[in-house]
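> I would like to see how this sequence folds:
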Amino acid sequence: MTLNGSIDVSLQEWPDGPCMIECDSRGRCVPLSASELRMRIRERTRQFARWGIQAGDMVPLFLGNSIDFIDSLFALMNLGAIPVMVKLEYRKLELGEIFANCCPRAVITEKTHLPVIESFLADVMVIERSSRGLRLVQSPSSARRTTEVPDDTATVNYTYRGHGYPLGVLVHHEQYLHGAETLQAGLQGDPGEKMLVTIPMSHIFTLVGCIAVPILHGITAVITQTIHPRIVFQLIRDYQIAYLTSVPHIYRLLLRLKEETANLGSLRAFVSGGTLMTAEEHQQISAGFGVEVLHGYGLTECTPVSRNMRGEARGGTIGPICDGIECRIGDPSQGGIGEILVATPYMAKGYLNRKRETQEAFEGKWFKTGDLGCFQGNHLVFAEEMKNTRKINGNMVDLEEVRKAILLDDQIARVDIHYEENALFAHCRVSRKVEPAGKARELTIYLRELVAAYKIPRVSVETS
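Down below sits the predicted model:
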């Protein structure tokens, strides 16, 4: 069964009540029933077919959190096209690598985002989204370009492993379906309950946990594009939100700004992942909101690997290994810490057009996560990343990519990148006399055009 086929079956069997509720940045919300969503997906499928999208076409989605994102995602799958998951934050360096790697036939983009990607859109079909919906604004003039991928590929999702460029993960349908069933087994959500969706839908964590899980299990997804605490708390109260799926820094922010008198009694559990959560943070967040915090671990290549379950959550761990997944610690130290290795039929098939990188990461049946961890009883504990990446507020940053971006400035002779306490630092040596503070400001501005804002380090400059 494909993900889109399973979604269609679930929508036909949906219980009473709204399937989704989409809220704008001011908190104004519009509900949608399961039958309406199913009709939108079918109409979107016919619309894309009329515009010329076909099986095998690569189609990046530059869209914010919205029902348009969801119906476009499943419409593309219905046609056998390949939705490509990218971040709106990506800029020239990242986009250049992605467009060259996947050779898209079409893009679907927010109208406001067109200026960011327009230099990559020659001979690409362009579908723009605005308040008036989706419309075709550019058709390709040359013959179709297709890329060979395994037949069961559902999406291509870009991630990093420290090579200095993004890798397109070949995520298949069974990976989504197994991930959704596994996360639901930990969440134990009931039909009619509501989940607040705040993190970007382009992330594998959101696709599995906030789109597949709710639709397949009768949980209403309340979709917002903002993490502004005032709006988040208001939505929790107004819609009696039971579950929130997000990353630790969002929970820390909400806890810091929560009013003591706030009535958030509908909350049952926070699903957490994406980066480290300490035992102390787990206890503070759980006590502060009166909820269970279900912290887990997964990667774009395999989501999830482990997760805490309701009634059994343990702070400071990323939970027991999920059913259907093998996990072992490679070359453990005396303290038991080593690389987390994963084997399962539910992990990705490799990286798009990256044979060498695929062979390096997938060794026999085992996937080398590039992360260090150990077991405490049956619970997995994350230690740190051994690959050349770090997490900044839940976002993966490739340190080599940042270094390469800075070295594109021909005045930079050398740069050292280091990470400390959720922040990135770059110490640069320049090849000629400059005013250090001025050059640091210049570099920061320069980097805004090249990479996502969350990757820009705090820059210091030293003259030779």
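
> show me what the nearest residue to His418 once chain neighbours are set aside is bridged to.
Leaving aside its chain neighbours, His418 sits nearest to Phe425 (5.3 Å; criterion: C-beta to C-beta, 6 or more residues apart in numbering). Bear in mind the C-beta positions are built from the backbone N, C-alpha and C, glycine included. Beta-bridge partners recorded for Phe425 (DSSP bridges): His418, Arg458.

> quick one: residues contacting Phe425.
Phe425 sits next to 417-419, 457-458, 460 when contact means C-beta atoms under 8 Å, 6 or more residues apart in numbering.

> from Ser142, how far out is the closest residue to Asp57 other than its chain neighbours?
Spatial nearest neighbour of Asp57, chain neighbours left out: Arg105 (3.8 Å); criterion: C-beta to C-beta, 6+ apart. Taking C-beta to C-beta, to the nearest Å as the measure, Arg105 falls 10 Å from Ser142.

> go on, Gly373?
48 Å.

> who's more crowded, the two?
Using other C-beta atoms under 10 Å as the criterion, Gly373 and Ser142 rank with Gly373 on top: 24 against 7.

> where does the prediction get shaky in the protein?
Judged by pLDDT under 70, the chain has its weakly predicted residues at 144, 261.

> pick out the residue closest to the middle of it.
Geometric centre of the chain, nearest residue: His203, 1.4 Å, by C-alpha atoms, centre = their mean.

> give me the domain ranges for this protein.
Residue ranges for the domains of the chain, per automatic domain parsing: 1-386, 390-463.

> most packed of the ones you listed?
domain 1-386 (a mean of 19; mean count of other C-beta atoms under 10 Å).

> my guess is Arg129 contacts Leu114. True?
No - Arg129 lies out of contact with Leu114 (C-beta atoms under 8 Å); the separation is 10.2 Å.

> any common contacting residues for these two?
With C-beta under 8 Å, 6+ apart as the test, Arg129 and Leu114 reach no residue in common.

> returning to that earlier point: would you reformat the contacts of Phe425 as a markdown table and include distance to Thr317?
Shown next, in a markdown table, are those (distance: C-beta to C-beta, whole Å):
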| residue | distance to Thr317 |
| --- | --- |
| Ile417 | 30 |
| His418 | 28 |
| Tyr419 | 23 |
| Pro457 | 31 |
| Arg458 | 32 |
| Ser460 | 37 |
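
> relative to Gly189, which of these is nearest.
Taking C-beta to C-beta as the measure, Gly189 sits nearest to Tyr419 out of the contacts of Phe425, at 35.4 Å.

> tell me the secondary structure for the nearest residue to the closest one once chain neighbours are set aside?
Ranked by C-beta to C-beta, 6+ apart and with sequence neighbours excluded, the top spatial neighbour of Tyr419 is Arg390, at 4.3 Å. Assigned state for Arg390: strand (three-state reduction, DSSP: H, G, I helix; E, B strand; the rest coil).

> just use 16 as the starting number from now, easier for me
All set: I'll call the first residue 16, so the last point we hit is now Arg405.

> return the distance of Arg405 relative to Lys470.
10 Å.

> overlap in contacts, those two.
With C-beta under 8 Å, 6+ apart as the test, Arg405 and Lys470 both reach 412, 439.

> quick check: Met92 touching Asp23?
No - counting by C-beta under 8 Å, Asp23 is not a contact partner of Met92; they are 10.1 Å apart.
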